[in-house]
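**Student:** all I have is the shape, not the residue letters:
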DNA sequence: CAACCGTGGCT
DNA sequence: TAGCCAAGGTT
């Protein structure tokens, strides 16, 4: 297929079918960047309200840079992949301190920023000023693999080279912004992962997958995620109407988010076993009152199935129990403002805020 | 560089 | 139900 023909036909389709999305009505690299980070591995319907919240709370990169990380994470709460929010804040501060508050818009400059990889750099550079770089995301892999019959494994290491070469060859000289958005939009609403409606597709006459009936086989993707089972036992320590929480850190899930005292076991256990395995729990149960035991929550992540149970513990007045490192007492109002995982937030909503 | 990082919707 | 996956990036 002639490359000009492909781009022209795609843009024509886009002009007829594109959705009206707020980040498409701007050339401001700051707004485009916000939308791109929010939309990484995230559906438009899920990211849309977060985009609105972020541009309202942080109209400029200076506003975002001046915020506390905790505030940024709190706004990000519920969207997942929280390193995106931490990197977002780091990058905003870097733009203010090292770029004079002017958000970079060239591919090579953008690549230097935290949380911006090859896709996001290409998206911001092309959307903001038509820089001639091809975007390569899940949509582009799918569209190119089907239309041109490319059977390279998109999870393999050759994928970026093979599809990147094709994507770059197809790039038009003009309207790069429109073209890049068009190929992604086409993948999102016409050339969909599930059974696409190929009888109504503008590329049905030229599409390799349509001709060979290989739509469901493409793109080829080899990797299967293996799911790890985890068992969380949370202890909510209450003293004088305040509750002990701590910030999670390290490389585990929910880094930067707040939760309670946690003991993790290889299966769900009762209190006597927990006390035997955990000296703090043992000491705690001797000097306090168990005031509540939650149902078991099953929390599903891409790589993990977490079963969690929450025990509510009243610390007796005059108890000599000292909180383990990092735990501090917070009022319910303060807890509302802390960034929390959806698991913890679901528990709090059920047992504190909506009861 | 393979593994890891969330959540919610769909089949 | 179990699996897939959605505008990826980092380590």
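**Tutor:** Looks like it arrived, so ask away. Quantities reported herein were computed from a predicted structural model and do not represent experimental measurements. Residues are numbered from 1 along each chain as shown, chains lettered A, B, ... in the order given.

**Student:** for DNA strand B, give me its nearest residue in chain A.
**Tutor:** For chain A, the residue closest to DNA strand B is residue A:80, as judged by C-beta to the nearest atom of the strand, at 2.7 Å. Glycine gets a C-beta too; all of them are placed from N, C-alpha and C.

**Student:** what residues does the stretch 201-350 of chain A put near DNA strand C?
**Tutor:** Applying C-beta under 7 Å from any atom of the strand, one finds that the stretch 201-350 of chain A approaches DNA strand C through A:221, A:224-225, A:227, A:302.

**Student:** in these, find the pair that's most separated.
**Tutor:** Spatial extent of those (C-beta to C-beta) is set by the pair A:221 and A:227 at 17.2 Å.

**Student:** before we move on, back to that, need the worst-confidence member of the residues of the stretch 201-350 of chain A next to DNA strand C.
**Tutor:** Of all these, residue A:224 has the smallest pLDDT value, namely 76.

**Student:** still on that earlier bit, would a markdown table of the residues of the stretch 201-350 of chain A next to DNA strand C with neighbour count be doable?
**Tutor:** Shown next, in a markdown table, are those (neighbours: other C-beta atoms under 10 Å):
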| residue | neighbour count |
| --- | --- |
| A:221 | 15 |
| A:224 | 7 |
| A:225 | 8 |
| A:227 | 12 |
| A:302 | 9 |
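
**Student:** residue A:132 reaches residue A:175, doesn't it?
**Tutor:** No: here residue A:132 lies out of contact with residue A:175, judged by C-beta atoms under 8 Å, at a distance of 10.5 Å.

**Student:** shared neighbours of these two, which are they?
**Tutor:** Here residue A:132 and residue A:175 share no contacting residue, scored by C-beta atoms under 8 Å, 6 or more residues apart in numbering.

**Student:** about what we covered before: so which of the residues of the stretch 201-350 of chain A next to DNA strand C are also by DNA strand B?
**Tutor:** Applying C-beta under 7 Å from any atom of the strand to these, one finds that residue A:302 fall near DNA strand B.

**Student:** from the residues of the stretch 201-350 of chain A next to DNA strand C, which land in strands?
**Tutor:** Among those, DSSP state E puts none in strands.

**Student:** residue A:268: which of the residues of the stretch 201-350 of chain A next to DNA strand C is nearest?
**Tutor:** residue A:227 (16.9 Å).

**Student:** which one is that closest one nearest to, not counting chain neighbours?
**Tutor:** Counting by C-beta to C-beta, 6 or more residues apart in numbering, residue A:227 lies nearest to residue A:305, which is 5.6 Å off, once chain neighbours are set aside.

**Student:** now swap in residue A:33 and tell me
**Tutor:** residue A:124 (5.5 Å).

**Student:** that neighbour: neighbour count?
**Tutor:** The local packing of residue A:124 (other C-beta atoms under 10 Å) involves 30 other residues.

**Student:** name the helix or strand for it, please.
**Tutor:** Using DSSP states H and E, residue A:124 maps to helix A:118-129.

**Student:** what's the angle from the next helix or strand after that helix to helix A:118-129?
**Tutor:** Sequence-wise, the next helix or strand downstream of helix A:118-129 (DSSP H and E) is helix A:138-147. Inter-element angle recorded for helix A:138-147 and helix A:118-129: 100 degrees (by axes from the mean of the first three to the mean of the last three C-alpha atoms, to 10 degrees).

**Student:** just checking, what packs against helix A:138-147?
**Tutor:** helix A:159-170, helix A:176-189, helix A:208-212 (3 or more C-beta pairs under 8 Å, 6 or more residues apart in numbering; DSSP states H and E).

**Student:** let's have these in JSON lines, adding mean pLDDT.
**Tutor:** As requested, the helices and strands packed on helix A:138-147 are exported to JSON lines (pLDDT from 0 to 100):
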{"stretch": "helix A:159-170", "mean pLDDT": "96"}
{"stretch": "helix A:176-189", "mean pLDDT": "97"}
{"stretch": "helix A:208-212", "mean pLDDT": "95"}
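
**Student:** distance check, the nearest residue to residue A:96 once chain neighbours are set aside against residue A:52.
**Tutor:** Closest residue to residue A:96 apart from its sequence neighbours, by C-beta to C-beta, 6+ apart: residue A:65 at 4.3 Å. Noted for residue A:65: a distance of 20 Å to residue A:52, by C-beta to C-beta, to the nearest Å.
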